[in-house]
Each structure stands twice: as structure tokens, then as C-alpha cells.
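Peer 1: sequence first, then the predicted structure:
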Amino acid sequence: MLSDKTITVIIPVLNEEQTLPLVLNDIPKDLVDEVVVVDNGSTDKTPSIARESGATLLFESRRGYGFPCLKGMEYLKTAGTDIVVFADGNYSDHPDEIIKLVEPIVNEDYDLVCGSRVMGDVQEGALRAPVRFGNLLATVLIRLFYGFKYTDVGPFRAIKFEKLLKLDMSDNLGWTVEMQAKAVKCGFKIKEVPVSYRAGTGKSKITGSALGIAKVGYRIIRAIIKNLFYRPG
């Protein structure tokens, strides 16, 4: 083990039966204490795969990205943990790189460590134009309005659980932007580390159409403006 800190991975999923086994297999067992898979209404074998792997399986009927993450957080209020890692179930991220996210928290006392795909090794075609546009829009606005320079707002990140609870997360559709903006507002010690990224399987659930791309832009702008008025408790 890296330390005596307990580490939990939360994975929100929706119809990920092809990729979830790969994700679960690559999570370092000697580092992670518990894997929490939150199913968001899958109609395939995703739930049974999670259960058979030994992961803690939760269900969240409200669709979106943030609601499953919040469900996982509610569970951890009772189960307990020191560090939470958020990862996707589509195998775009590299779960074996979780140690890159956790080490700065354990060894350097960072509060939030975000995996930056922009800084890392990206498979050709993995970061498509709509994703790059969303990243650029979010990072420029955060730098402009919050005074902090991020390079990415990707989902792969680790955070001290006690600090996560202080953020009072609520935005279902602008989850990653909300966390990063509020972390700046709260004066958290924040770091980005380069992570690898590969092309996911299947059609994007969000940016597969012009309407989807427009929605992403709206969600980012909404999250940036909304959290300008956030006051740490």
C-alpha cells in the first residue's frame, strides 16, 4: 500500500459491459481499498459485471454524470474513506495510473489532483474536437473569472474525501467544472498531473451531435457563472 490512507474509486456507468471489465481489471488492487460502481440505468450486463467483480454496486435512476457521483459520495459518508478517485467506465482513462493522482495527496498534502489529458500521452483521435473545445472554454473561463490556470476538466481525478464534502457538490451536468471552480474558491491546494488517454468505445453519450456539443458549451458556461456566487461554508 502507498500509505495507511484508505482509497476508494467511484465509477459512474451506463451500458459499459464491454469496457467495465477492462477498467476493473486495471485498477491496482494493492492501492485501492474499495471500488464503488454506480449504475445509471444500464440495460445490458453492466450491473452483474460490477457485482461479480467484487465491487460495491449502487443504483441511481436520475440520469446524468453528477447524480451517480453524488450517490457514491452518500454511500461513503457511512462507509468512510480518506481519498476518493473518480474514473469513467468507458476505458478511455488508464486506471493503472491512479497512483499518479494519489501520490501528491499522500506525499505532498494536495487536496485535489486532476488528471490532465492535455499534458499527457493521448492516443491519436482520442481527444476529439468537441472535447478540446469544451476543455478550452472551461479552462479559459476559470482562469478569467477565478484566477487559476487549469489545462483540462476531464473526469479522472482524486480528492480528499473531507475536502470533497466541503464543496457541497450539486451540479449534475457541470460536475467536473463545479468541483474545480469551487476548489479554487475554497483555497484548496490543487495540482494537475499528466495522464494517458485513449479513444473510448462506441458513440459519445454527450458530444456525438451538434446539439450535444451546444449543450456541453451551455453547461460549462452555466457552471462557471453559477459558482462565481459560491461562498465556502
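Peer 2: That came through fine.
Peer 1: any idea how many residues pack against residue 80?
Peer 2: 12 (other Cβ atoms under 10 Å). All C-beta spots, glycine's among them, are computed from the backbone N, C-alpha and C.
Peer 1: actually residue 187, not the one I wrote
Peer 2: 9.
Peer 1: list the contacts of it.
Peer 2: residue 232 (Cβ atoms under 8 Å, 6 or more residues apart in numbering).
Peer 1: how close does it sit to residue 106?
Peer 2: Per Cβ to Cβ, to the nearest Å, residue 187 is found 20 Å from residue 106.
Peer 1: same check, this time on residue 151
Peer 2: Applying Cβ to Cβ to residue 151 and residue 106 gives a distance of 23 Å.
Peer 1: over to residue 18?
Peer 2: Here residue 18 is placed at a distance of 33 Å from residue 106 (Cβ to Cβ).
Peer 1: and what of residue 227?
Peer 2: Residue 227 sits 28 Å away from residue 106, going by Cβ to Cβ.
Peer 1: again, but for residue 10
Peer 2: Using Cβ to Cβ, residue 10 is found at 18 Å from residue 106.
Peer 1: neighbour-wise, which of the two wins?
Peer 2: Set side by side, residue 10 and residue 106 give different neighbour counts by other Cβ under 10 Å, the larger being at residue 10 (24 against 18).
Peer 1: helix, strand, or coil at that one?
Peer 2: Assigned by DSSP: H, G, I helix; E, B strand; the rest coil, the conformation of residue 10 is strand.
Peer 1: quick check, pLDDT for it.
Peer 2: pLDDT, residue 10: 98.
Peer 1: make sure it is actually in contact with residue 36.
Peer 2: Yes: contact between residue 10 and residue 36 holds when scored by Cβ atoms under 8 Å: they sit 5.0 Å apart.
Peer 1: below-threshold pLDDT in the chain: ranges please.
Peer 2: Applying pLDDT under 70 to the chain flags residues 1, 200-210, 212.
Peer 1: chain neighbours aside, what residue packs nearest to the one residue sitting closest to the centre of it?
Peer 2: The residue lying closest to the centre of the chain (Cα atoms, centre = their mean) is residue 155, at 2.9 Å. Nearest non-adjacent residue to residue 155, counting by Cβ to Cβ, 6 or more residues apart in numbering: residue 88, 5.2 Å away.
Peer 1: helix/strand/coil for the one you found?
Peer 2: Quick answer, by three-state DSSP: residue 88 is coil.
Peer 1: now do the contacts for it.
Peer 2: Applying Cβ under 8 Å, 6+ apart, the residues contacting residue 88 are 11-12, 23, 155-156, 200.
Peer 1: thinking again about what came up before, quickly list what's touching both of residue 10 and residue 36.
Peer 2: Residues touching both residue 10 and residue 36 comprise 72, 76, with contact defined as Cβ under 8 Å, 6+ apart.
Peer 1: residue 232 - how many residues pack around it?
Peer 2: What residue 232 shows, counting by other Cβ under 10 Å, is a neighbour count of 11.
Peer 1: any idea how far residue 187 is from it?
Peer 2: Taking Cβ to Cβ as the measure, residue 232 and residue 187 are separated by 8 Å.
Peer 1: how about residue 107?
Peer 2: Taken as Cβ to Cβ, the spacing of residue 107 relative to residue 187 amounts to 20 Å.
Peer 1: now do residue 76
Peer 2: Look at residue 76 and residue 187: by Cβ to Cβ, they are 23 Å apart.
Peer 1: likewise for residue 126?
Peer 2: 33 Å.
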